[in-house]
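Asks: Sequence and predicted structure are below.
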Amino acid sequence: MSSYSVRPATSRDAKAISEIHVATWQVAYKDLMPADYLKSMTVEKRQAYWREAIEYSEPQLLVAVDGDKLVGFVGFDRSRDAGTRSTMGEVWALYVSQAHWGKGVGLALWDGARDGLKEEGCTQVSLWVLLNNERGMRFFEQAAGFKREMPSLKTVAFGAVKLEEIRLKRPLD
């Protein structure tokens, strides 16, 4: 089994983060989102977004590496949801390259994000998951200890298709 290390992202990581982001969406969401929407995601567009995120630490980004290869990332910060307390954190994104699914990378990234949110003074954390994203729901509920917040469904447009997301929460202790 490989040993993964987690560290803060640097500007040099933006392209690899973007490649993982796009590839993971295209695999994980192929049965959930329109194919033309997924094809429209490009590494170049994502790279500009993640480069800026790294530069301004919004969200804070950690990457998981296996040797010298970046295999996953997590973005986290204070909650973006209106009306939440300053002690509510949010996992904005957590993606792992498909070849490393089920090998502990997600948990290593979650542990890093949890520690980072605690350092920021957060006591709880939330995240949004597509309701039909069974793999994501299973990871966050069973492996990371999140619980669904009822009723928190919201509808989000992805191209011409509207999908439901649900908010999951947990304490950070």
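Replies: Everything's here; your move. Owing to the predicted nature of the structure, the values given are computational and were not obtained by experimental measurement. Numbers count the residues shown, from 1 in each chain.
Asks: which stretches of this structure form strands?
Replies: 4-8, 60-66, 69-78, 88-96, 124-130, 147-148, 154-158, 161-171 (DSSP state E).
Asks: what are the C-alpha coordinates of stretch 165-173, in PDB please?
Replies: The C-alpha trace of stretch 165-173 is given here as PDB (Å, rounded to 0.1, in the frame of the first residue of the first chain):
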ATOM      1  CA  GLU A 165     -27.800  18.800  -3.800                       C
ATOM      2  CA  ILE A 166     -28.100  18.100  -0.100                       C
ATOM      3  CA  ARG A 167     -26.100  19.600   2.700                       C
ATOM      4  CA  LEU A 168     -24.200  17.300   5.000                       C
ATOM      5  CA  LYS A 169     -22.900  18.500   8.400                       C
ATOM      6  CA  ARG A 170     -20.800  17.300  11.300                       C
ATOM      7  CA  PRO A 171     -19.100  18.600  14.400                       C
ATOM      8  CA  LEU A 172     -15.300  19.000  14.100                       C
ATOM      9  CA  ASP A 173     -14.400  17.400  17.500                       C
END
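Asks: Give me the buried positions along that stretch.
Replies: 165-170, 172 (16 or more other CB atoms under 10 Å). The C-beta positions use only the backbone N, C-alpha and C, and glycine is treated the same way.
Asks: between those residues, which is closest to D31?
Replies: Using CB to CB, E165 comes nearest to D31 of the buried residues of stretch 165-173, at 16.2 Å.
Asks: Let me see the contact set for that closest one.
Replies: 128-131, 153-156 (CB atoms under 8 Å, 6 or more residues apart in numbering).
Asks: Where does pLDDT dip in the protein?
Replies: Within the chain, the set of residues satisfying pLDDT under 70 comprises 1-2.
Asks: Neighbour count and distance to G72 for the contacts of E165 - can I get that in JSON lines?
Replies: Below are these laid out as JSON lines (neighbours: other CB atoms under 10 Å; distance: CB to CB, whole Å):
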{"residue": "W128", "neighbour count": "17", "distance to G72": "19"}
{"residue": "V129", "neighbour count": "21", "distance to G72": "17"}
{"residue": "L130", "neighbour count": "18", "distance to G72": "18"}
{"residue": "L131", "neighbour count": "16", "distance to G72": "23"}
{"residue": "L153", "neighbour count": "12", "distance to G72": "27"}
{"residue": "K154", "neighbour count": "13", "distance to G72": "26"}
{"residue": "T155", "neighbour count": "8", "distance to G72": "28"}
{"residue": "V156", "neighbour count": "11", "distance to G72": "23"}
